[in-house]
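quick one: sequence plus predicted model below, questions after.
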Amino acid sequence: MKKRMFTGLICLAMIAFLSAVAIASEEAVIPPEEFVIVGTIMQDNQIVDQDGQSYVIKQIKEGDDIIELVGKKVQIKGTVLEADGKKTIEMVSYELVEEQK
């Protein structure tokens, strides 16, 4: 009888623990924030902003061949991710920025 109670208590404790872990992991998910970056498109599929910060451009939609705009100033909207000290922008949209004369 004692063995059954002990096993039941262990099962309940494990269920409670796993439920708490699942709830905590759901709360920790932060939705990515959309950014706007204005800068110059470089040959290596990067954009360099006015502060000199470079971002690798990851195109989400096919057909957005932004690489054809090398040397042009553009405004890119997207989600910025950082891994191993390298920033990447997952591009949602872009538009050419007219140079002021």
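Sure thing, it's come through.

backbone dihedrals for Gly71, both of them.
Per-residue torsions, Gly71: phi 90, psi -10 (degrees, to the nearest 10).

ditto for Arg4
According to degrees, to the nearest 10, Arg4 has phi -70, psi -40.

repeat for the one 10 residues further on
Dihedral angles phi and psi of Met14 (degrees, to the nearest 10) take the values phi -70, psi -40.

so who does it touch?
By Cβ atoms under 8 Å, 6 or more residues apart in numbering, the contact list for Met14 is empty. For the C-beta atoms, the positions are set from N, CA and C on the backbone; glycine is no exception.

quick one, grab the pLDDT at it.
pLDDT recorded at Met14 is 78.

next: Ala24.
Taking Ala24 on its own, its pLDDT is 57.

in the protein, which spans are helices?
2-27 (DSSP state H).

spatially central residue for it, please.
For the chain, the residue sitting closest to the mean C-alpha position, by Cα atoms, centre = their mean, is Leu81 at 3.8 Å.
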